[in-house]
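Engineer: From the sequence below, what's the structure:
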Amino acid sequence: MSNVKFTHNDSSYHSLKNLYEENITVKSIAQELEFCSKDEPAIPIKIKMEEKHFDTLAVEDEGEIVGYIDRHELGEGEISDYMKVFSPRELVSDSTPLIQLLHIFKKKTRVFVLENNSINKLITHADLQKPPIRMLIFGYITLLEMRLSDIILHRFGGESWYPMISEDRLHKANQLYERRVEKNEEINLIECIQISDKFDIIHKDKELRAFFQIPSKSKGKKDANAIRKLRDKISHANELGLDMSWIDIIEVVQTCGRLLEISETYQYER
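Structural biologist: Numbering: from 1, shown residues only. I've put the predicted structure just below:
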């Protein structure tokens with residue numbers, strides 16, 4: 001291994017990871033539940049829900065939210081005839097980290113938020129478009145990119161990784177590096193290559209491929225392309241959940257999390 005200086009800063013990395021994994025909670029994207037009375041007739045409420053494009057509405061009784069209704073189930077009779085009681089599996093605490101919420105949404109399309117023993121908020125797939133979620137995903141991918149840079153530099157040193165990417169990509173990286181140096185930005189050339197190039201370097205090295213538990217180059221490239229695609233969609237403010245389903249997006253985030261956990265076991269002093 002080379003003794004060249006690398007960019008690894010364990011303290012700043014863990015501070016950022018704690019920010020994303022602990023300090024950004026569901027509270028940042030939850031929306032207030034709108035409600036109706038359990039004694040109201042169901043048909044007019046269904047019409048109002050259709051006008052507002054609501055699929056779910058809370059049900060109130062004597063000033064307290066006691067359940068909810070689903071629009072598609074409403075028919076003749078009163079709201080109380082269709083009211084459902086909240087199940088523990090449908091609830092999350094308002095202090096739940098957003099990263100955990102993403103895992104929950106792999107199997108759900110909505111959750112109710114428990115705040116001070118009261119259920120007053122709701123999160124649906126539409127709320128996953130909000131800035132905190134986008135910031136979380138982009139930040140998670142950026143953290144992974146930081147770790148890849150550090151590990152590549154430690155394993156290959158200052159220049160021995162150059163032949164592992166195309167001359168054109170290396171040339172573009174050098175151009176970006178020179179522009180950033182002119183701005184007095186203290187960086188390494190590795191920080192100027194694309195995340196897809198960093199994954200290519202990992203995939204071409206048998207030891208690193210085994211370290212990251214990548215079963216094959218094709219599987220590695222598939223995961224790398226999905227991560228890059230998602231990062232690009234977020235950086236260009238494209239709507240999420242269209243050409244990549246939310247299940248696909250959550251799986252990409254889970255892949256990032258798995259690779260991050262593995263990267264934390266890398267022995268820099270070996």
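
Engineer: any idea how far residue 236 is from residue 175?
Structural biologist: 21 Å (CB to CB, to the nearest Å). Glycine gets a C-beta too; all of them are placed from N, C-alpha and C.

Engineer: Who has more neighbours out of the two?
Structural biologist: residue 175 (11 against 7; other CB atoms under 10 Å).

Engineer: Starting from the helix or strand hosting that one, tell me the next helix or strand along the chain.
Structural biologist: According to DSSP states H and E, residue 175 maps onto helix 167-182. Per DSSP H and E, helix 167-182 leads on to helix 195-204 as the next helix or strand towards the C-terminus.

Engineer: So what's the residue count around residue 209?
Structural biologist: Neighbours around residue 209, by other CB under 10 Å: 16.

Engineer: sorry, back to before: need the contact partners of the helix holding residue 175.
Structural biologist: Residues outside helix 167-182 that contact it (CB atoms under 8 Å, 6 or more residues apart in numbering): 162, 165, 187, 189, 192, 193, 194, 197.

Engineer: so which strand or helix has residue 69?
Structural biologist: Using DSSP H and E, residue 69 falls in strand 64-70.

Engineer: So for the helix or strand just after that strand, mean pLDDT?
Structural biologist: Per DSSP H and E, the first helix or strand lying C-terminal to strand 64-70 is strand 91-93. Strand 91-93 shows a mean pLDDT of 95.

Engineer: same for strand 91-93, what does it pack against?
Structural biologist: For strand 91-93, the elements it packs on are strand 110-115, judged by 3 or more CB pairs under 8 Å, 6 or more residues apart in numbering; DSSP states H and E.

Engineer: now the closest residue to residue 35 other than its chain neighbours: how far from residue 71?
Structural biologist: Leaving aside its chain neighbours, residue 35 sits nearest to residue 58 (3.7 Å; criterion: CB to CB, 6 or more residues apart in numbering). Using CB to CB, residue 58 is found at 13 Å from residue 71.

Engineer: Give the buried residues for the helix ranked longest in the chain.
Structural biologist: Using DSSP state H, we find that the single longest helix of the chain is helix 131-156. Neighbour-count burial for helix 131-156 flags 132-141, 143-156 (criterion: 16 or more other CB atoms under 10 Å).
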